[in-house]
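A.B. asks: turn this into a structure:
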Amino acid sequence: MQVKTVGANGQITLGTGYAGQTVAVEEVEPGVWIIKVGDFVPRNERWLHEPDASTKLDRALAWAESHPREKTDLKLLEERSQHDESPA
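C.D. replies: So this is what the prediction gives:
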């Protein structure tokens, strides 16, 4: 166990071995902290890790790999977009 002093700015130093790493800090009760090093998924990217999204992304990637790229006809795309926006 190491004893650290919290500085006037409210920070402690874990040591240069942890520099640049992401950590999760959990206060399990007042004054008791658990610090874990790890990789974390930002909230706005969590949907990418859901099973349904993963399946859709895998399908999309497979389709992209099996279909050659082609130039987009922007005029046609605009016409389709306007058609899709019309009331039903």
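
A.B. asks: show me where this structure has its strands.
C.D. replies: 23-29, 32-37 (DSSP state E).

A.B. asks: CA atoms of the longest helix seen in the chain as CSV?
C.D. replies: Ranked by residue count under DSSP state H, the longest helix found in the chain is helix 51-66. Extracted in CSV, the C-alpha atoms of helix 51-66 (Å, rounded to 0.1, in the frame of the first residue of the first chain):
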residue,chain,number,x,y,z
PRO,A,51,-25.4,-6.6,-30.8
ASP,A,52,-27.9,-5.2,-33.3
ALA,A,53,-25.6,-2.4,-34.4
SER,A,54,-22.7,-4.8,-34.7
THR,A,55,-24.7,-7.0,-37.0
LYS,A,56,-25.8,-4.1,-39.2
LEU,A,57,-22.2,-2.8,-39.4
ASP,A,58,-20.9,-6.3,-40.3
ARG,A,59,-23.5,-6.5,-43.1
ALA,A,60,-22.7,-3.0,-44.4
LEU,A,61,-19.0,-3.7,-44.4
ALA,A,62,-19.5,-7.1,-46.2
TRP,A,63,-21.6,-5.3,-48.8
ALA,A,64,-19.0,-2.6,-49.3
GLU,A,65,-16.3,-5.1,-49.8
SER,A,66,-18.3,-7.0,-52.4
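
A.B. asks: now for that helix, which elements pack on it?
C.D. replies: Using 3 or more C-beta pairs under 8 Å, 6 or more residues apart in numbering; DSSP states H and E, no helix or strand is in contact with helix 51-66. Where C-beta positions appear, they are placed from N, C-alpha and C, glycine not excepted.

A.B. asks: contacts only, for Val6.
C.D. replies: Ile12 (C-beta atoms under 8 Å, 6 or more residues apart in numbering).
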